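Enquirer: Make a model of this:
(2 chains)
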Amino acid sequence: MIKVEGLTKRYARTVAVDHISFEVNKGEIVGFLGRNGAGKTTTMRMLTCFLPPTEGSANVAGYDVLQQPMEVKKRIGYLPENPPLYPDMEVGEYLTFVGTIKGIPAAELAQRVEESARRCAIADVKTKLISKLSKGYRQRVGLAQAIIHNPDVLILDEPTSGLDPQQISETRELIASLAGDHTILLSTHILAEVEHTCTNIIIINQGHLVATGSVKDLMKRMRGAEAVVVDIQYEGLDAATARQRVEQIAGVSRVVVKDSEPGRVVLEVESLEGASIRAELARAVVHAGWNLEELRAAATSLEDVFLELTASEKNKAAAAITDAPPAAPEVIQ
Amino acid sequence: MRNIFAICAKELKGYFASPIAYLLLTIFAVLFGFFFFAAVEFFASASMESQMSGRAFPMNVNQQIIAPLFSNATVVFLFLIPMISMRLFAEEKRQGTMELLLTSPIQDWEIVIGKFLGAMLMYTALLGITALDIGLLYIYGKPAWAPILTGYLGLLLQGGCLLAIGAYISTTTKNQIVAAGATFGVCLLLYVLSWTTDMAQTTATKVISYLSVLSHFEPFSKGLIDTKDVVFYLSFIFFGLFLTTKSLESLRWRA
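Expert: This next block holds a predicted model:
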């Protein structure tokens, strides 16, 4: 549905988006992650034909954004970061206006307005002035505006920013309910949102693509197949000995000393893909005569993945000053 | 066509949903009302004088009331037109609704024409007020209607030129005050360029006076429709809107 190849946007002095490529298939909800200023909005603006790319190509709903912008615009719904609302209009009037310029035939217009208002739960404020609405309602009017012409592709720029927790969960539900009919690309810097709503994920940092893949794969890849935290207590035990012992277990790929003090060592153990090491690990510790205080799965949050990826990218960027070639994005399949 | 109409209707509603339409209508009604009163009063006392003195001055309502009123109106519009045109694009840019318009399946020129027509209708509403005053003259006299109609046509064309310039200037900024100020400056300049008609006739002054929107208006107020003036105004409007469209297009490349 969306195919981006080598997309680049250069401003006078900065490169906002640097040769990013990704693909979004029909019906997917894709989270577009990045810190503030990473280039999310610029990318979305290029996909919606608001900004022309400096280089590269983007194909949305089967049409190129530079060659056939009109065809692309007919098939996308776009909610910018600040919902594009006219404060002097009533909600119904606004939706009718947007419906008209999106090219909905006059005969269907009233019904489409009705339906998008119902889906976004704003039917009760249809005769209210937009300037009188709360932030949550405005956001929903913005969303209604994006779906009114039933577009193939929905591009949502931080759809939950500035909402209260109740509204955030309502908006997430709304987005989830739109899946299926629409292909959705949503940007955010709230990671919990991606874990909740998205099937796939694209991470960019400082204009570079850092990672793409499904949420599950991404978390798996970061920590090998499985990560286990083991807390060992034994009088006179030192970290090196414990580590050495654990490393000998079959299936262990990496051991990290998380914490060590006299008589206590906390290790984080990563296994190779597909290997289950918990039982072996417990046995090894007990056989050595040590006390196994705790054995638990290390909680991997997307937050860790994200921080790790963007941080390493930062280091790479720093290294680039010494003439290193730019990092190639890692694609996970 | 449907897009143009939708944009135009939105613009017009925008004027009347905000205080700006009412402010403009009030200012203009009061000022034009006073001009009308002064012109009629002057005409009445002049005709009284003419009867008293026994010598019959040729008195003409069209030339002595309506034509001066129209040229007074053009001066007032110099101030009001920037207030009509300032919001056209500057407001959309500030509100972020430009993103909606530019990502909708409509052409840039459709946006420009729609907005221009909306502004023209607002301007026509102001002209409508003058029709009320001038209509009163028909109760007491019989002014010739042809020069009145040509006068209105002239005012519409002249206003269109200034609105087209205002629309262009409005695309260049997010700030409505800046748009209004710059438009006023440019309009005033185009207006006073006509002073060069009184200067020594060199090629330079001829060219400059040709550029003045005012010097092309005078024939209209006298009841003359000269093709060269109509062509001047229409090409001026076309050029202004062309610039506006190009400027809108360039927003994408500059943003």
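
Enquirer: Please, which helix or strand holds the nearest residue to residue B:28 once chain neighbours are set aside?
Expert: Excluding the flanking residues, the one nearest residue B:28 by C-beta to C-beta, 6 or more residues apart in numbering or on different chains is residue B:126, at 5.0 Å. Bear in mind the C-beta positions are built from the backbone N, C-alpha and C, glycine included. Remark: residue B:126 resides in helix B:108-140, with elements defined by DSSP states H and E.

Enquirer: Now do the same contact list for the closest residue to chain B within the stretch 201-333 of chain A.
Expert: For the stretch 201-333 of chain A, the residue positioned closest to chain B under C-beta to the nearest C-beta is residue A:207, at a distance of 16.8 Å. Under the criterion of C-beta atoms under 8 Å, 6 or more residues apart in numbering or on different chains, the contact partners of residue A:207 comprise A:15, A:16, A:17, A:18, A:20, A:38, A:39.

Enquirer: tell me the two of those residues that are most distant?
Expert: Spanning the widest gap among the contacts of residue A:207 are A:15 and A:38, at 12.0 Å by C-beta to C-beta.

Enquirer: Considering the contacts of residue A:207, which possesses the most neighbours?
Expert: Across those, the neighbour count under other C-beta atoms under 10 Å in any protein chain shown reaches its highest value at residue A:17, namely 28 neighbours.

Enquirer: any idea how far the residue nearest to residue B:142 when sequence neighbours are not counted lies from chain A?
Expert: The spatial neighbour of residue B:142 that comes closest, neighbours along the chain excluded (C-beta to C-beta, 6+ apart), is residue B:61 at 7.9 Å. For residue B:61, the distance to chain A under the criterion C-beta to the nearest C-beta, to the nearest Å works out to 42 Å.

Enquirer: What count of nearby residues applies to residue 53?
Expert: Answering for chain A, as no chain was given. The burial count assigned to residue A:53 is 21, neighbours taken as other C-beta under 10 Å.

Enquirer: meant chain B, my bad for not saying
Expert: By the measure other C-beta under 10 Å, the count of residues near residue B:53 is 9.

Enquirer: need the contact list for it.
Expert: Taking C-beta under 8 Å, 6+ apart as the test, residue B:53 contacts no residue whatsoever.

Enquirer: Need the phi and psi values for the residue in the stretch 51-200 of chain B positioned nearest to chain A.
Expert: In the stretch 51-200 of chain B, the residue found nearest to chain A is residue B:100; the distance is 3.7 Å by C-beta to the nearest C-beta. Geometry field for residue B:100 lists phi and psi as phi -70, psi -50, criterion degrees, to the nearest 10.

Enquirer: Isn't it up against residue A:84?
Expert: Yes: using C-beta atoms under 8 Å as the test, residue B:100 is close enough to residue A:84 to be in contact (3.7 Å).

Enquirer: list the residues that contact both of the two?
Expert: Overlap of the contact sets of residue B:100 and residue A:84 (by C-beta under 8 Å, 6+ apart) consists of residue A:145.

Enquirer: I'd like the distance between residue A:250 and residue A:279.
Expert: Summarising the geometry, the distance separating residue A:250 from residue A:279, computed by C-beta to C-beta, to the nearest Å, is 11 Å.

Enquirer: For residue B:42, what is the enclosing helix or strand?
Expert: In this assignment (DSSP H and E), residue B:42 forms part of helix B:19-53.

Enquirer: Now the element after that helix, going C-ward?
Expert: Stepping forward along the backbone from helix B:19-53, the first helix or strand reached (DSSP H and E) is helix B:61.

Enquirer: Can you spell out which helices and strands pack onto the next helix or strand after that next one?
Expert: Counting by DSSP H and E, the element after helix B:61 in chain order, helix or strand, is helix B:67-85. Counting contacts by 3 or more C-beta pairs under 8 Å, 6 or more residues apart in numbering or on different chains; DSSP states H and E, helix B:67-85 is packed against helix B:19-53, helix B:108-140, helix B:145-171, helix B:176-192, helix B:218-221.

Enquirer: Would you reformat these as a markdown table and include mean pLDDT?
Expert: Rendered in a markdown table, the data for those read as follows (pLDDT from 0 to 100):
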| stretch | mean pLDDT |
| --- | --- |
| helix B:19-53 | 91 |
| helix B:108-140 | 93 |
| helix B:145-171 | 94 |
| helix B:176-192 | 93 |
| helix B:218-221 | 86 |
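
Enquirer: so which of the ones you listed is the most packed in?
Expert: By mean neighbour count, with neighbours taken as mean count of other C-beta atoms under 10 Å in any protein chain shown, helix B:145-171 ranks first of the helices and strands packed on helix B:67-85 at a mean of 23.

Enquirer: related to what we said a few turns ago, taking helix B:67-85 as reference, get the angle to the helix holding residue B:126.
Expert: For helix B:108-140 against helix B:67-85, the angle by axes from the mean of the first three to the mean of the last three C-alpha atoms, to 10 degrees is 150 degrees.

Enquirer: Pull the distance from helix B:108-140 to the chain's centre.
Expert: Averaged C-alpha coordinates place helix B:108-140 at 9 Å from its chain's average position (C-alpha atoms, centre = their mean, to the nearest Å).

Enquirer: Among the helices and strands packed on helix B:67-85, which comes closest to residue A:11?
Expert: The minimum distance between residue A:11 and those falls on helix B:145-171, with 20.1 Å, by C-beta to C-beta.

Enquirer: So what's the gap between that closest one and the chain middle?
Expert: Shown here is helix B:145-171, whose average C-alpha point lies 4 Å from the average C-alpha point of the whole chain (C-alpha atoms, centre = their mean).

Enquirer: can you tell if that helix touches chain A?
Expert: No: judged by C-beta under 8 Å from any C-beta of the partner chain, helix B:145-171 stays clear of chain A, getting no closer than 15.5 Å.

Enquirer: residues from the stretch 51-200 of chain A in reach of chain B?
Expert: Within the stretch 51-200 of chain A, the residues that sit near chain B (C-beta under 8 Å from any C-beta) are A:51-52, A:70, A:73-74, A:76, A:78, A:80, A:82-89, A:93, A:97-98, A:100-103, A:106, A:145.

Enquirer: which among those residues end up buried?
Expert: Buried positions within these, assessed by neighbour count (16 or more other C-beta atoms under 10 Å in any protein chain shown), are A:51, A:73-74, A:76, A:78, A:80, A:82-86, A:88-89, A:93, A:97-98, A:100-102, A:145.

Enquirer: for the strand or helix carrying residue A:176, which positions count as buried?
Expert: Residue A:176 is located in helix A:165-178, with elements delineated by DSSP H and E. Buried residues in helix A:165-178, defined by neighbour count with 16+ other C-beta under 10 Å: A:167, A:168, A:170, A:171, A:172, A:174, A:175, A:178.

Enquirer: Work out the sheet partners of the following helix or strand past it and label each with its direction, please.
Expert: Sequence-wise, the next helix or strand downstream of helix A:165-178 (DSSP H and E) is strand A:183-188. Strand partners for strand A:183-188, identified by DSSP bridges, are recorded as strand A:29-33 (parallel), strand A:153-157 (parallel).

Enquirer: weakest of those in terms of mean pLDDT?
Expert: Out of the strands paired with strand A:183-188, strand A:29-33 stands lowest, with a mean of 88 (criterion: mean pLDDT).

Enquirer: ok, residues contacting the helix or strand just after it?
Expert: Downstream of strand A:29-33, the first helix or strand assigned by DSSP H and E is helix A:40-47. When contacts are taken as C-beta under 8 Å, 6+ apart, the neighbours of helix A:40-47 outside the stretch itself are A:2, A:4, A:7, A:9, A:16-17, A:20, A:32-34, A:51-53, A:58, A:60, A:65, A:76, A:78, A:80-81, A:155, A:157, A:185, A:187, A:204, B:99.

Enquirer: Quick one: mean pLDDT over helix A:40-47.
Expert: Helix A:40-47 comes out with an average pLDDT of 91.

Enquirer: Contact partners for the residue nearest the centre of chain B?
Expert: The centre of chain B sits closest to residue B:159, judged by C-alpha atoms, centre = their mean, with a distance of 2.0 Å. Each residue near residue B:159 by C-beta under 8 Å, 6+ apart is listed here: B:77, B:81, B:120, B:123, B:127.
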